[in-house]
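1. Have a look; sequence and predicted model below, questions after that.
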Amino acid sequence: MSDDSVPRAVGLAAVNALKFVLDTPQATAIIQDVGESNILLRFFGWADLPAAAPMQGPMPARPERVGIGSNADISPDTHVEKMVTGERA
């Protein structure tokens, strides 16, 4: 499998450069899919919603974890729970 450290670092730098992405907790990246000649990475960060959409009207004053990308998934994050459940089985 190819080394994903450089694209992961570049992607995380791009996510962290967004003014509405919070420093804590840190943004993360996961391998979503591995193809014959590519690795699809997915990036996540905690967003300060009022800073992310100041013209959208009232927003909740709490951070939200959102996927960054063209197919961003804003459903609740359950991958850690699934991993724990799988390890306990």
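-> Happy to help now that I have it. On a predicted model such as this, the values are computed, not experimentally measured, just so you know. Numbers count the residues shown, from 1 in each chain.

2. Quick check: Asp33 touching Leu40?
-> Yes: using CB atoms under 8 Å, Asp33 is in contact with Leu40, at 4.2 Å. C-betas here are computed from N, CA, C, even on glycine.

3. Tell me which of these two has more neighbours.
-> In this view Asp33 and Leu40 are compared by other CB atoms under 10 Å, and Leu40 has more residues nearby, 12 against 9.

4. per-residue confidence at the more buried one?
-> Note on Leu40: pLDDT of 87.

5. just Phe20 next, same as before
-> Value listed for Phe20 in the pLDDT field: 86.

6. swap in Arg62?
-> pLDDT at Arg62 comes out at 53.

7. quick one, helices of this protein?
-> 5-17, 49-52, 79-88 (DSSP state H).

8. Mind checking those helices for the one nearest to Gln26?
-> Nearest to Gln26 among these is helix 5-17; the distance by CB to CB comes to 8.2 Å.

9. List the buried residues in that closest one.
-> Buried residues in helix 5-17, counted by 16 or more other CB atoms under 10 Å: 8, 11-12, 15.

10. Any chance of those in CSV with distance to Pro25 and pLDDT as columns?
-> Formatted as CSV, those follow (distance: CB to CB, whole Å; pLDDT from 0 to 100):
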residue, distance to Pro25, pLDDT
Arg8, 17, 89
Gly11, 17, 90
Leu12, 13, 92
Val15, 13, 90
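
11. any idea which of the helices of the chain scores lowest on pLDDT?
-> Note on the helices of the chain: lowest mean pLDDT is at helix 49-52, with a mean of 72.
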